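Novice: coords please:
(one chain, ligands or ions: 1)
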Amino acid sequence: MLRRNLVELTVRPGPPARPCCIAAEIDGTEYGVGAPWTFISGEIKPGEQLMTGPASAKVGAMAERDGDGWIRCDQGHRHWGRFGAAGLLAYVPAEDGPADDGAAAVLLQRRGWWVHHPGTWGPPGGAMDSHESAVAAALREAAEECGLPPDEVSVGGVLRDDHGGWAYQTVIAAAGSRLPVRSDSAETSDVGWFSAAEIGRLALHPGFAGQWPLLRTALVPLTVIVDVANVMGSRADGWWRDRAGAAVRLHGELAALAERGVPALPASVPAPALERWFPAFVLVLEGAARAALGDLPAQPAASAGLPLAGMQPAGPPETGPPGPGRIRAVAAAGSGDDLIADLAARLPGSRLVVTADRELRDRCMAAGASVAGPSWLLGLL
Ligand SMILES: [Zn+2]
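Specialist: Residues are numbered from 1 along each chain as shown. The predicted model follows:
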């Protein structure tokens, strides 16, 4: 007997689900791992397995993977991912200088014929588990489905498409090169790096197609260059008694900000609105504050995402993955302003300089950087 109103999934013969991914509980019996079928959207059809199930059926959860399952959003769509879904939009930045029009290459996968919107291209992604952040889920899915190593990309931002009751979050991440990838799961039939022109000729997943015009404008690394002396001087916390100690405190606050991300950029930055940005931070120290370098925690290696060739990192090399937040302090041998203006001119991608110094602001803007006052940054701490 067909009970189509009770079961929001179809059971259809096909490639097995990836391990620990999908499970269903019907009348006390669990199906999923190792079963010769997988679930896709739709109605149960006569002649398929599980047609004589009980009056209740639900998509269940494996212990460590509780996000798999269908949910209906407030707009009436049915979506995969009980706690929302996330995908990783990995890209290789264009090499020909800052302010370039988007990325040189973007990683996309083609979905197998047995999933929702079969045969279309989009970022690797899937259901978020209840304990996962969007960043963690997107990196995990890209590793599972495409073999993309999570430690070799730098997360730069998250775009949230909120349907009410369900959301899809696209995690944008820069890669240093077209990393080797492969189709690693039954859900992926093909995978590769594509230029924007090539993407224009692909059959895209409709959800991704709707967001691609905005997403492509966000595929530029962003570095926030902090004029530490100027920012410290704009709040009366006793910095003048111990400049190095105040610089260490500011570094700690900015490290926390780098980890949690920035909800909005100043209007001066030519970038789209995202749910959250994860810029790299460079703190420029000068004068007595340079002594802070000896008291700072380990800094990320230059290869961890910060394009800081030619500068001496302070402290011992980092031992673990950098995570979304990346922060580095550099000491100016001479004028701090000269170093800031130089960084504003030659760091790749978008640069945002935080200072209230009018002359320095003019120099940085002439170098193609955006500027913001200390109050913008301090308001985020
Ligand atoms: Zn929806």
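
Novice: okay, which residue is most central for the protein?
Specialist: When CA atoms, centre = their mean is applied to the chain, the residue found nearest the centroid is residue 171 (3.0 Å).

Novice: list the contacts for that one?
Specialist: Counting by CB atoms under 8 Å, 6 or more residues apart in numbering, residue 171 makes contact with 86-89, 134-135, 138-139, 155, 157-158. To be clear about C-beta, it is placed using only N, CA and C from the backbone, and glycine gets the same treatment.

Novice: in TSV, list those along with distance to residue 116 and pLDDT.
Specialist: Shown next, in TSV, are the contacts of residue 171 (distance: CB to CB, whole Å; pLDDT from 0 to 100):
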residue	distance to residue 116	pLDDT
86	16	96
87	13	96
88	18	97
89	19	97
134	19	95
135	23	94
138	18	96
139	22	95
155	26	93
157	25	95
158	22	96
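
Novice: just these: which are in strands?
Specialist: Of the contacts of residue 171, the ones assigned to strands by DSSP state E are 86-89, 155, 157-158.

Novice: quick check: pLDDT value at the closest residue to residue 273 other than its chain neighbours.
Specialist: Counting by CB to CB, 6 or more residues apart in numbering, residue 264 is the residue found nearest to residue 273 once chain neighbours are left out, at 7.0 Å. At residue 264, the model reports a pLDDT of 94.

Novice: check residue 143 too.
Specialist: Residue 143 is given a pLDDT of 93.

Novice: state the distance from it to the ion.
Specialist: Note on residue 143: its distance to the ion, by CB to the ion, to the nearest Å, is 26 Å.

Novice: okay, now the closest residue in space to that residue that isn't next to it in sequence: neighbour count?
Specialist: Once flanking residues are discounted, residue 143 sits nearest to residue 150: 5.6 Å by CB to CB, 6+ apart. Using other CB atoms under 10 Å, residue 150 has 16 neighbouring residues.

Novice: list phi and psi for residue 150.
Specialist: phi -60, psi -30 (degrees, to the nearest 10).

Novice: is it true that it touches residue 144?
Specialist: No - in this structure, residue 150 is not within contact of residue 144 by CB atoms under 8 Å, at 10.5 Å.

Novice: where do the helices sit along this protein?
Specialist: Counting by DSSP state H, the chain has helices at residues 134-146, 196-199, 206-215, 228-232, 243-260, 336-346, 358-366, 374-378.

Novice: get me the contact residues on this structure for the ion.
Specialist: By CB under 5 Å from the ion, the residues of the chain that approach the ion are 73, 75, 77, 163.

Novice: most widely separated two among those?
Specialist: Using CB to CB, those span at most 6.5 Å, a distance reached by 77 and 163.

Novice: and the two? Which one has more around it.
Specialist: Legend: neighbour count by other CB under 10 Å for residue 77 and residue 163, higher for residue 163 (16 against 12).

Novice: now that one, nearest residue through space, not along the chain?
Specialist: That would be residue 73: by CB to CB, 6+ apart, it lies 3.8 Å from residue 163.

Novice: pLDDT wise, what is that neighbour at?
Specialist: Note for residue 73: predicted pLDDT of 93.

Novice: name whatever forms a beta bridge with residue 175.
Specialist: Beta-bridge partners for residue 175, by DSSP bridges, are residue 153.

Novice: kindly report the same for residue 371.
Specialist: Bridge pairing for residue 371 - DSSP bridges - gives residue 353.

Novice: same thing with residue 160?
Specialist: residue 169.

Novice: residue contacts, it?
Specialist: Neighbours of residue 160 in contact, by CB under 8 Å, 6+ apart: 134, 167-169, 274-275.

Novice: one more time with 6 Å
Specialist: 167, 169, 275 (CB atoms under 6 Å, 6 or more residues apart in numbering).

Novice: you'd agree the last one is up against residue 157?
Specialist: Just to be clear, that refers to residue 275. No - using CB atoms under 6 Å, residue 275 is not in contact with residue 157; the gap is 7.8 Å.

Novice: and the two? Which one has more around it.
Specialist: residue 157 (26 against 18).

Novice: thinking again about what came up before, among the contacts of residue 160, which one sits closest to residue 350?
Specialist: The closest of the contacts of residue 160, once distances to residue 350 are taken by CB to CB, is residue 275, at 17.8 Å.

Novice: and the gap between the spatially closest residue to that closest one that is not a sequence neighbour and the ion?
Specialist: Using CB to CB, 6+ apart and skipping the chain neighbours, the partner closest in space to residue 275 is residue 160 (3.7 Å). As for residue 160, its distance to the ion is 13 Å (criterion: CB to the ion).

Novice: now residue 160: how far from residue 282?
Specialist: In this view, residue 160 and residue 282 are 27 Å apart by CB to CB, to the nearest Å.

Novice: again with residue 139
Specialist: For residue 139, the distance to residue 282 equals 24 Å [CB to CB].

Novice: let me see the contact set for residue 239.
Specialist: 232, 246.

Novice: any idea which residue of the stretch 201-350 of the chain lies closest to the ion?
Specialist: Proximity of the stretch 201-350 of the chain to the ion (CB to the ion) peaks at residue 207, 9.1 Å away.

Novice: what about the nearest residue to that residue once chain neighbours are set aside, neighbour count?
Specialist: Among residues not flanking residue 207 along the chain, residue 168 sits closest, at 6.3 Å (CB to CB, 6+ apart). Using other CB under 10 Å, residue 168 has 23 neighbouring residues.
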